[in-house]
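A.B. asks: Need a 3D model of the following:
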Amino acid sequence: MNAKINLENLTPAQPRSAFPKEYDAGHLHDAYALAASDLNWASYALADLRCKLDNLQSNLQKEHKIHDLYFEELKTFFGMYEYLIDERHAIQSDEAERYGKEWEALKANAQKQTP
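C.D. replies: Here you go, the predicted structure:
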């Protein structure tokens, strides 16, 4: 299945010459795979920050007897962002895989039709 951009719905700020007329499964695979890769890096960075927060919390509690309550809001935000990134990563990965398979099928079909 080829996804097409309807050039009639572009606004004046989007000149028609700036867009190709069609996108195929290969283009969509690339876009979704890039998004999945970026989200994977974001997940790694967030996990690293959470680890550093845990170490900071531990050190501050040992040295200054700071209560857990002061860290709960930050930990809640980390949990929300981890969930959001993981969910978006799963969606982007699934779409990249789906379009990758479609692209491979299109290439195989094209090779069969070429003498």
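
A.B. asks: how about the helices in the chain?
C.D. replies: Under the criterion DSSP state H, the chain carries helices at the ranges 25-64, 69-113.

A.B. asks: Any chance of those in TSV with mean neighbour count as columns?
C.D. replies: Bear in mind the C-beta positions are built from the backbone N, C-alpha and C, glycine included. Shown next, in TSV, are the helices of the chain (neighbours: other CB atoms under 10 Å):
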stretch	mean neighbour count
helix 25-64	14
helix 69-113	13
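
A.B. asks: I'd like the ones you listed written out as JSON lines, with mean pLDDT added.
C.D. replies: Shown next, in JSON lines, are those (pLDDT from 0 to 100):
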{"stretch": "helix 25-64", "mean pLDDT": "95"}
{"stretch": "helix 69-113", "mean pLDDT": "94"}
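
A.B. asks: so what's the closest residue to residue 74 other than its chain neighbours up against?
C.D. replies: Closest residue to residue 74 apart from its sequence neighbours, by CB to CB, 6 or more residues apart in numbering: residue 53 at 6.2 Å. Contact analysis of residue 53 by CB atoms under 8 Å, 6 or more residues apart in numbering lists 71, 74, 75, 78.
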